[in-house]
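Visitor: this is a predicted model, with the sequence first.
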Amino acid sequence: MAEFSKQLERLEAIVRRLESEELDLDEALKLFEEGVERLRAAREQLAQAELKVKKVLEIESPS
Amino acid sequence: MGAPVDLFAAASAEGAWTVGEVTRRARAVIEAGLPPLWVRGEIAGFKAWRSGHWYFSLRDTSAQLRCVMFAKQNFRLPTPADGMQVFVFARPSLYEEKGEFQLTVMELLSTEQGGLWKLAFEKAKAALTKDGLLDPARKRRLPLFPNRIAVVTSPDGAALRDIQAVIARRWPVAELIVVPAQVQGAKAESSLCSALNRISRLLVDVVVVARGGGSVEDLWAFNSERVARAVAAMPMPVISAVGHETDVTLCDLVADLRAATPSAAAEAATPDRAEVLAQCGVLGQRLARALRIASRHVVERLDRTGDRLVRCMENRLEKSGALLTAHSARLDALSPLRVLGRGYAVARDTDGRVLKRVAQLPTGKEFRLRVTDGEVNGRVQ
């Protein structure tokens, strides 16, 4: 799964682009669809209930 | 004059003491006569051995004493330096193997204000400052939405439990990577350094270095210059939660952010899931609104075009209608029906061709004659 921050950054970029530019309908629709998909993925990540914990064993450094 | 001494007999194997006997006896005399005591002096010839034992002399203007401080006694202490004025609490004894009078040091305190700790702290701090490692401009911003968070702490301490609970509640989106380290004891310094070193090679967005409660002395590893430099060298931001409210450690000073407790460090490292969810909701609304606006332009254009099309057609129809009326008037004037009405007739053959000449009408030719109110069949006789 894509990193959450990247997902959100892209989503924000899409919204800004849609808001600021006069796009033709085709392009606007394409962006909108991508935005909806990103939003869905972000929400799905947020809905994840359990924290993944990984333990890395310590390796003694030679002193 | 006394009796003559039989030098030979006195020097015989039976009469002389062995080296071991003398040192043993001397050691017993010294240990019995000089119980453990506090001694004040200046450190000279300091040397720390690989074993961790310290060897040095204590001296003043007139004399010096050999001293040893074993690793199990000194591990909590910062390393002293030559020229430092100290108090030691020590057991005078004799090191038999070398026949040396020496002090076995059990405590060592600086006579300077704040003690040895303060001195070592200031010295290391000065070195870090000189290298620019305490410059506030070095402090990095923490990531807003960390994907992987590493924690360096004791694997069974309360600090880890607290951190894990906070991250699980606020930001389970992330992966928590626990790198256990000894946070106190003789091996804490190298253990912390190797843990940090390991993390520096992993893909991690932010590191939390934490430690639960404990005495001020137990903080020593986090005041180690080596650990501080390891923290400063991390490629990603580091949050330090090791000091107390009153004792800032070097690790705290070098870190990108200092947190009062491990829980506070975990909060600083993560966004709140509920808030981010709300943020996503706002983005969703903006997305929908933006599409509405974008499509409105298109619809308006379409509407305008449609209107023009309709207007245009209506115009043309209107014009066509007028034309039609004019044409039909003219047509009417030229209509053959009018001519027929005046008494003329039109002859046509069975294929509808008009027969205008005699040559077209040989005897026996069938034709149709159109008069004003109808048609009749005929034959040429």
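Guide: Yep, it's here.

Visitor: and the helix or strand containing B:D252, what does it pack onto?
Guide: Taking DSSP states H and E as the criterion, B:D252 maps to helix B:250-254. Contact partners of helix B:250-254 among helices and strands, from 3 or more C-beta pairs under 8 Å, 6 or more residues apart in numbering or on different chains; DSSP states H and E: helix B:115-130, helix B:225-232, strand B:238-241. C-beta here means a position set from N, CA and C on the backbone, and glycine is covered the same way.

Visitor: deepest-packed of those, please.
Guide: Sort the helices and strands packed on helix B:250-254 by mean neighbour count, taking mean count of other C-beta atoms under 10 Å in any protein chain shown, and strand B:238-241 sits at the top with a mean of 27.

Visitor: distance between that strand and the chain's centre?
Guide: Relative to its chain's centre, strand B:238-241 lies at 12 Å (C-alpha atoms, centre = their mean, to the nearest Å).

Visitor: who's in contact with that strand?
Guide: Strand B:238-241 is contacted from outside by B:142, B:159, B:206-211, B:222, B:231, B:249, B:251-252, B:254-262, B:264-265, B:268-269, using C-beta atoms under 8 Å, 6 or more residues apart in numbering or on different chains.

Visitor: give me that answer again for 6 Å
Guide: With C-beta atoms under 6 Å, 6 or more residues apart in numbering or on different chains as the test, strand B:238-241 has contacts from B:207-210, B:231, B:251-252, B:255-259, B:261-262, B:265, B:268-269.

Visitor: now swap in stretch B:39-46 and tell me
Guide: B:F56, B:S57, B:L58, B:R59, B:D60, B:P80, B:D82, B:M84, B:Q85, B:V86, B:F87, B:V88.

Visitor: any low-confidence regions in chain A?
Guide: In the predicted model of chain A, residues A:1-2, A:49, A:58-63 satisfy pLDDT under 70.

Visitor: ok, and for the helix of greatest length in it, which residues are buried?
Guide: Determined from DSSP state H, the single longest helix within chain A is helix A:25-47. Going by neighbour count (16 or more other C-beta atoms under 10 Å in any protein chain shown), the buried part of helix A:25-47 is A:L25, A:A28, A:L31, A:F32, A:G35, A:V36, A:R38, A:L39, A:A41, A:A42, A:Q45, A:L46.

Visitor: which residues does the last one contact?
Guide: Contacts here follow C-beta under 6 Å, 6+ apart; on that basis A:L46 touches B:R273, B:L277.

Visitor: tabulate the helices and strands packed on helix B:250-254 (TSV), appending mean pLDDT.
Guide: Formatted as TSV, the helices and strands packed on helix B:250-254 follow (pLDDT from 0 to 100):
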stretch	mean pLDDT
helix B:115-130	83
helix B:225-232	94
strand B:238-241	95
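
Visitor: so which residues on the stretch 51-200 of chain B come close to chain A?
Guide: Contacts of the stretch 51-200 of chain B with chain A, taken as C-beta under 6 Å from any C-beta of the partner chain, map to B:145, B:147, B:167-168, B:172-173, B:175-181, B:190, B:194-195.

Visitor: picking that back up, now, the contacts of stretch B:39-46 that are in strands?
Guide: The members of those that map onto strands under DSSP state E are B:F56, B:S57, B:L58, B:R59, B:Q85, B:V86, B:F87, B:V88.
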